[in-house]
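# fold the following and give me the result.
(2 chains)
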Amino acid sequence: MELEVFWFILIGILLAGYAFLDGFDLGVGIVFYTAKTDKERRIFMNSIGPIWDGNEVWLVTFGGALFAAFPEVYATSFSAFYLPFMLLLICLIFRAVSMEFRSKVKSVPWRKFWDFSFFASCTMASFLFGVAVGNSMVGLPIGADHEYQGHLGHLLGFYPLLVGALVVALFALHGSVYLTLKTEGELQKRLRPLMWKSFGSFLVLYLMATIITLVSIPHAVEPFRHPGPAWLAVLVSILALANIPRALYIERPGEAFLSSGAAILSLTALFGAALYPNMMVSSLNPAYNLTIYNAASSQETLKLMRVIAFLGLPFVLSYSAVVYWVFRGKVKLDDTSY
Amino acid sequence: MDTELLILSRLQFALTIMFHYLFPPLTIGLGVLMVMMEGMWLKTGNPVYEKVAYYWTRLFAVNFAMGVATGIVMEFQFGTNWATYSRFVGDVFGSALAAEGIFAFFLESGFLGVVVFGWNKVSPKFHYFATCMVCLGGFFSSVWIVIANSWMQTPAGFHLVEHNGKTRAEIVDFWAMVFNPSAPDRLVHVWLGCFILGGFFALSIASWYLLKKRYLPEARVMFKVALVLALGSSVAMGLSGDSNAKMVAREQPTKMAAMEGHFQTGTGGTGMYLVGWPDQNAEKVHYGIEIPKLLSLLLYLDPNKPVPGLDQTPKDERPNVLITFWAYRVMVGCGLFFIAVSAMAGLALWRSDPERHPWLLKLCVLSVVPAYVANQAGWVVAEAGRQPWIVYKLLRTSEGLSRSVQAHEVLISIIMFGIVYLLLFGVWVFVMNEKIQHGPQLPPPRPEGQSELEGLADAAGQEVDPSHDLMEDS
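A predicted model of the protein is given here:
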């Protein structure tokens, strides 16, 4: 396999892994106000307490790998999304410290403040991730020099905002299914209507986005015209989405969680397939597109990084397995909790 | 070149990196203390050691969260504010950053969950293993980021290539890049800085408890363990500082000249200013107190060999002398203070009892401030002294900016970060103070009579005591 293709896939895996794992962390924040009492809110936060940090590392590693393997894409996209990404960083900061600080002080206004900041930062971060994906789908005004030539207004089109809302609904679904696995009793029951609502909103938004994509983004439809691996992603996404209501109906939250996870993974794969072999599409001239070839690092670096990835990934997967194993089961609060 | 954009972007980077660097050196230093304390507890079973080890873990967690939250900002900023720099160095710098993610961050954050939330959920031995892994993760992380930064100081193992009509640096020799001429010296220097901060931070808290006569058994243990780390690293820092100065004189003579306010090369041995006010325009130092020939002696062990001055470098390639000169003096001054304080505390501990010398304890309480200041000042010397280059002699800082970002956008983000960081700083001080006032406590009990495997398997088995006050928890 060509090194550029290998790295495109690996970066896709890192992004998909991030969306799957931090997707439910952010989802817990989006549906946070389903928890009414202080104890319930602590259960919600502690359901992700020991793991959210490791999940965020997928994003950090995605960023580092993008910087190393496709520096042109890293530089162009991050500087193009300047203000949205600054806002995203603020959200990620608040998400982290809200959990850390909330339960440290016995004061109602203090806890209310951090509750709101947790909810708002998780919702906003999910929305901004969606906006970035939506913009990458439609394409940006990128010049011959690979520099973004637009301004903030270009990033706030209808389609990107729609994808932003779609990601919020998807993560809310994923997060509430995750919480069903981690809670019990009355609190768990309260999550049921929420799952249906978020699934319904997601489905409507997803159908709208799909129609707009088919009608108005021809370059994103092109890879799906002929049979190939892209079709597999379509098939998986349809099966996963269809299985979610079934699993919810027969009350198998484990299956629903795997299905919402599979939906996230396959939607990320669809996003990758729609772009390939481009990484950023120029709305000015297709010749200015950033492709996996013209945006990549040297062959030497790509080879070296492949060695680093093969050395590191087995460790990463084994730590994650240990931590998830240690903290499996329903959440119980004690003195070590948030 | 857009001067306004340059100033604002540099200001934002300085603000975000300096705020970020309040946390990682502390967690690396505290990590070492956690490994020491928990190891002593496992060996002796002394509950006082357990309390102290658990206490460090709780303080560690707050600082680690702050480090993670402010650290992700740094990774994004290379792309958002310094896109042209990123295109130039991605091949080299990006790989170090990616290696940091995959080798260090996963290790640290994965096991941190076990360390913080797992005291009573896993066996003591497994918990200790997790503590060691978190500590190791911090070290790995520092290795990669210091290598990346050292490459910007003394680039090696690369060649320049035309790509898409722009020049960029590409790796030709990975190990030459990793072991670039300044990396080993700087890494040791950074580690010792972390140990100093961890050591004096713990020493400060312990001394405060001793002064207030609170948590005495724990405070005495903390005092001793912290002092071992503080004294050892302060003395070693003297050697590392000497070695670093010689390295800078060899690899970045312009930076060395700026650190010393040394404008004219002259003939014969070069003196050293203890204090003074460098004037970059007049090219002289006002009100300077100078010891003749000392700089030549320290750098070359030869009192008569002249040190190259700033006159060897064109004017537009010189850093800001005033900042570099004073940041260097602040750092070295703090270093001498650390040796003096830790030596006195060590002597007091050996000869009599430090609790009989309140003035010494007060000095130890205050010593945490210079420990933070020295770490910050050291990086100011390193980074301000490299200017006007972002990659030494290859790319100017002004050439590394993002071309698609406007000055007013950076102004908006600086204001955002300024407000948020001010808020976080206040909250951090408040929460740390609460924790310190609350003092070391025993961790919640683990279920009795379990083998190691059962302990691990019973991960989520703790029941909640219904009478438990839910607002009580920290």
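# least confident secondary structure element in chain A?
None of the helices or strands of chain A scores lower by mean pLDDT, DSSP states H and E than helix A:218-221, at a mean of 82.
# pull out the buried positions in that helix.
Across helix A:218-221, burial judged by 16 or more other C-beta atoms under 10 Å in any protein chain shown covers A:A220. Yep, even glycine has a C-beta here, placed from its N, CA and C like the rest.
# from the middle of its chain, how far away would that helix be?
Centroid displacement of helix A:218-221 relative to its chain, using C-alpha atoms, centre = their mean, to the nearest Å, is 22 Å.
# could you do stretch B:155-166 as well?
Distance, centroid of stretch B:155-166 to centroid of chain: 31 Å (C-alpha atoms, centre = their mean).
# once you drop chain neighbours, what's closest to whatever residue of the stretch 1-150 of chain A ends up closest to chain B?
Chain B sits closest to A:P71 of the stretch 1-150 of chain A, with a gap of 2.2 Å, by C-beta to the nearest C-beta. Closest residue to A:P71 apart from its sequence neighbours, by C-beta to C-beta, 6 or more residues apart in numbering or on different chains: B:G90 at 2.2 Å.
# roughly how far does that neighbour sit from B:A96?
With the distance defined as C-beta to C-beta, to the nearest Å, B:G90 ends up 11 Å from B:A96.
# with neighbour numbers in mind, choose between those two.
B:G90 (31 against 24; other C-beta atoms under 10 Å in any protein chain shown).
# state the distance from the more buried one to B:H159.
Distance, B:G90 to B:H159, using C-beta to C-beta: 15 Å.
# now do A:G153
41 Å.
# so the two - more neighbours on which side?
Higher neighbour count among A:G153 and B:H159: B:H159, with 11 against 7, using other C-beta under 10 Å.
# just to revisit the earlier point, correct me, but the residue of the stretch 1-150 of chain A closest to chain B touches A:S298?
No. With contacts counted by C-beta atoms under 8 Å, A:P71 stays clear of A:S298, the gap being 10.2 Å.
# for the chain, which segments count as strands?
Since no chain was named, I'll use chain A. Along chain A, the segments classed as strands by DSSP state E run A:278-280, A:290-291.
# not what I meant, chain B
Here chain B has its strands, by DSSP E, at B:158-163, B:166-171, B:272-279, B:284-291, B:389-391, B:395-396.
# list the helices and strands the last one packs on?
Judged by 3 or more C-beta pairs under 8 Å, 6 or more residues apart in numbering or on different chains; DSSP states H and E, the packing partners of strand B:395-396 are helix B:83-89, strand B:389-391.
# for A:D25, find the nearest of the ones you listed.
A:D25 sits nearest to helix B:83-89 of all the helices and strands packed on strand B:395-396, at 27.9 Å, using C-beta to C-beta.
# do stretch A:172-179 and chain B meet?
No. Stretch A:172-179 stays out of contact with chain B when judged by C-beta under 8 Å from any C-beta of the partner chain, the minimum separation being 14.9 Å.
# what does that stretch contact?
If you take C-beta atoms under 8 Å, 6 or more residues apart in numbering or on different chains as the criterion, stretch A:172-179 is touched by A:23-31, A:34, A:44, A:47, A:188, A:191, A:194-195, A:198-199, A:201-202, A:244, A:253, A:256-257, A:260-261, A:264.
# leaving out chain neighbours, which residue sits closest to A:L290?
Leaving aside its sequence neighbours, A:L290 sits nearest to A:M280 (C-beta to C-beta, 6+ apart; 4.2 Å).
# quick check: the one you found touching A:Y288?
No. A:M280 is beyond contact range of A:Y288, at 9.2 Å (criterion: C-beta under 8 Å).
# residue in chain B nearest to chain A?
The nearest approach of chain B to chain A comes at B:G90, 2.2 Å away (C-beta to the nearest C-beta).
# which residues touch that residue?
B:G90 touches A:67-68, A:70-72, A:74-75, A:297, B:168, counting by C-beta under 8 Å, 6+ apart.
# quick one, what contacts A:F62?
Each residue near A:F62 by C-beta under 8 Å, 6+ apart is listed here: A:11, A:14-15, A:18.
# report the contact partners of the residue lying closest to it once chain neighbours are set aside.
Excluding its sequence neighbours, the residue lying closest to A:F62 (C-beta to C-beta, 6+ apart) is A:L14, at 4.1 Å. Contact analysis of A:L14 by C-beta under 8 Å, 6+ apart lists A:58, A:61-62, A:65.
# tally of neighbours for B:I414?
If you count neighbours by other C-beta under 10 Å, B:I414 ends up with 17.
# hang on, the earlier thing: counting by contacts, list what the least confident helix or strand of chain A packs against.
The elements that helix A:218-221 packs onto, with contact taken as 3+ C-beta pairs under 8 Å, 6+ apart, are helix A:185-216, helix A:253-275.
# let me have those helices in CSV, extended by mean pLDDT.
Output for these, formatted as CSV (pLDDT from 0 to 100):
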stretch, mean pLDDT
helix A:185-216, 90
helix A:253-275, 90
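# among the contacts of A:L14, which pair sits farthest apart?
For these, the maximum inter-member distance is 10.3 Å, found between A:W58 and A:A65 (C-beta to C-beta).
# before we move on, back to that, ok, A:M280 and A:Y288, which is more surrounded?
Neighbours per residue (other C-beta under 10 Å) separate A:M280 from A:Y288, with A:M280 holding more: 23 against 20.
# just the strands of chain B: most buried one?
Comparing the strands of chain B by mean neighbour count (mean count of other C-beta atoms under 10 Å in any protein chain shown), strand B:389-391 ranks first with a mean of 22.
# how far away from the center of its chain is stretch A:254-261?
Offset of stretch A:254-261 from its chain centre (C-alpha atoms, centre = their mean): 16 Å.
# quick one: it near chain B?
No. Stretch A:254-261 is not in contact with chain B by C-beta under 8 Å from any C-beta; minimum separation 15.8 Å.
# for that stretch, which residues meet the burial criterion?
Residues of stretch A:254-261 classed as buried by neighbour count (16+ other C-beta under 10 Å): A:255-261.
# what does the stretch 201-338 of chain A have sitting close to chain B?
Residues of the stretch 201-338 of chain A lying close to chain B by C-beta under 8 Å from any C-beta are A:294, A:297-298, A:300-301, A:304-305, A:308-309, A:312-313, A:315-316, A:319-320, A:322-323, A:325-338.
# buried subset of those residues?
Neighbour-count burial (16+ other C-beta under 10 Å) is assigned, among those, to A:294, A:297-298, A:300-301, A:304-305, A:308-309, A:312, A:316, A:319-320, A:322-323, A:326-327, A:331, A:333-338.
# which residues are in contact with both of A:M280 and A:Y288?
Shared contacts of A:M280 and A:Y288, defined by C-beta under 8 Å, 6+ apart, comprise A:I142.
# now A:A19. Nearest residue, chain neighbours left out?
Spatial nearest neighbour of A:A19, chain neighbours left out: A:I264 (5.0 Å); criterion: C-beta to C-beta, 6+ apart.
# the one you found against A:F20, yeah?
Yes. When contacts are counted by C-beta under 8 Å, A:I264 is listed as touching A:F20 (5.1 Å).
# the two: who's more crowded?
Between A:I264 and A:F20, A:I264 has the larger neighbour count (other C-beta under 10 Å), namely 25 against 19.
# from B:K293, how far out is the more buried one?
Distance, A:I264 to B:K293, using C-beta to C-beta: 68 Å.
# so what's the closest residue to B:T167 other than its chain neighbours scoring on pLDDT?
Sequence neighbours aside, B:L160 is the residue nearest to B:T167 in space, at 5.4 Å (criterion: C-beta to C-beta, 6+ apart). In this prediction, B:L160 carries a pLDDT score of 89.
# still on that earlier bit, in helices only, show me the residues of the stretch 201-338 of chain A next to chain B.
Among those, the residues falling in helices (DSSP state H) are A:300-301, A:304-305, A:308-309, A:312-313, A:315-316, A:319-320, A:322-323, A:325-326.
# list just the nearest of those residues to A:A165.
Nearest member of these to A:A165, counting by C-beta to C-beta, is A:S320, at 29.9 Å.
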